[in-house]
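Visitor: Structure of the sequence below:
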Amino acid sequence: MGKAAALTQLCRLLQGRTLADPDWPAILEVANLALITPRLERCLPGAAPPEVSTFVHEVAQRNRARNALLYRQMGEAAAALNGVGLIPTVFKGGACLARTGGDCPRLISDIDLAIAPAVIDLALCALTDAGFSLITRHETTRHHAVAALGRAQDPGQIDLHQRPPGPASLVCDPAFLLAGSIAQIGPGRVRVPDPHIHIYLQALHDQLQDGGYWRGGFDLRHAWDIADLICAPVGVDWSQLDRLAPTRLTAKALAVQLMACHRLTGAAIPSPARRWPVRLSVWRQWMQYVTPGLRTPLAAAAILASSAHLLHHRGHTRLGQADAGLPAQRASVSASLKRLQEILAAEIGGRL
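Guide: Numbering: from 1, shown residues only. Coordinates of the predicted model:
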């Protein structure tokens, strides 16, 4: 079975649809690559072969145990920060854990916590005093992640950020660290971003920072994270989400993220995200996934087609960096080509 058919079968299965002739080895291969196998437990048909059911249930059980440890770790780290008057904002998989009380049906690699830049040293002292060892430290304003910490008994590390993950000039607004609700996680409290902010930051991270907009392919875990937010009782404030994008390229990347979510999960999205230019971009990303040999030429074509929006976006980025006091990055053709080469060659866990 080809890559397109395998991904299509997996998506239909995750949506609760019946498969006439499932290719289980191909489905499980894609699910494992996408780091979403635990979610299959909720929709595995009774007619699935015993060995498939056993494998999926074993992976899901181990994932629950690991996520429970990550949830406890997040609460203990948050308590250490709370002790010095800080409430960290949690992002990405950690936010999913916080919303579900630790019962999150997907693999999570680490916990992303963010604190205002001015109190990073205070936060590091609090965490190290609580027994978290400093693994790495970035002494620069350019990186959103400033440190990684961990303990021997923890399944993953704590990534401490000074702003949300994503392009620096687009996520440096302090409001991103203050918008959201407070959640009690064991002994500690964290701030969980509002659904529209979670979706916006996830789109910036996947499409622009990791370069998914150009390289193609999909992150199935993140698509289902967004689908869960859309289907939740609270829902998504679409008007607020629409107002967040500062440039046309950012707005297009956000729409592509939503359209990909709709295609992979069936979640309902606003009509502007279904317009033909967005559908065309998602089709391109699909072709880059199923035919890797087309990845580079299609990425080049996408850059040429977006050149006007890209130039405006880079101008806005430079202004945003200056306003935020971030170091300017040198713009040149060679630097842009090097960045594109890095995007196309990068191995990103969970991205198909």
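
Visitor: okay, CA-based contacts and neighbour counts for the rest of this
Guide: Fine.

Visitor: residue contacts, Thr250?
Guide: Contact analysis of Thr250 by C-alpha atoms under 8 Å, 6 or more residues apart in numbering lists Leu204, His313.

Visitor: Surely it is in a strand?
Guide: No. Thr250 is assigned helix when assessed by DSSP: H, G, I helix; E, B strand; the rest coil, not a strand.

Visitor: Okay, it and Lys3: tell me how far apart.
Guide: Shown here: Thr250 relative to Lys3, a distance of 29 Å by C-alpha to C-alpha, to the nearest Å.

Visitor: cool, Ser271 as well?
Guide: Ser271 is 29 Å from Lys3, where distance means C-alpha to C-alpha.

Visitor: Cys104 now?
Guide: Plainly put, Cys104 is 27 Å away from Lys3 if you go by C-alpha to C-alpha.

Visitor: Also Leu33?
Guide: In terms of C-alpha to C-alpha, Leu33 sits 12 Å off from Lys3.

Visitor: cool, Ala130 as well?
Guide: Applying C-alpha to C-alpha, the value for Ala130 to Lys3 is 47 Å.

Visitor: same question, Leu13
Guide: According to C-alpha to C-alpha, Leu13 stands 15 Å off from Lys3.

Visitor: Counting by contacts, list what the helix or strand harbouring Ala65 packs against.
Guide: Ala65 is located in helix 50-82, with elements delineated by DSSP states H and E. Helix 50-82 sits against helix 92-100, helix 120-129, strand 181-185, strand 188-192, with contacts defined as 3 or more C-alpha pairs under 8 Å, 6 or more residues apart in numbering; DSSP states H and E.

Visitor: and the direction of the helix or strand that the last one is followed by versus that of strand 188-192, what angle?
Guide: Beyond strand 188-192 on the C-terminal side, the first helix or strand identified by DSSP H and E is helix 195-203. With axes from the mean of the first three to the mean of the last three C-alpha atoms, to 10 degrees defining the directions, helix 195-203 sits at 80 degrees from strand 188-192.

Visitor: hmm, who's touching helix 195-203?
Guide: Residues contacting helix 195-203 (C-alpha under 8 Å, 6+ apart): 91-92, 164-166, 171, 176, 222, 226, 229, 235-238, 240-241, 244, 253-254, 257.
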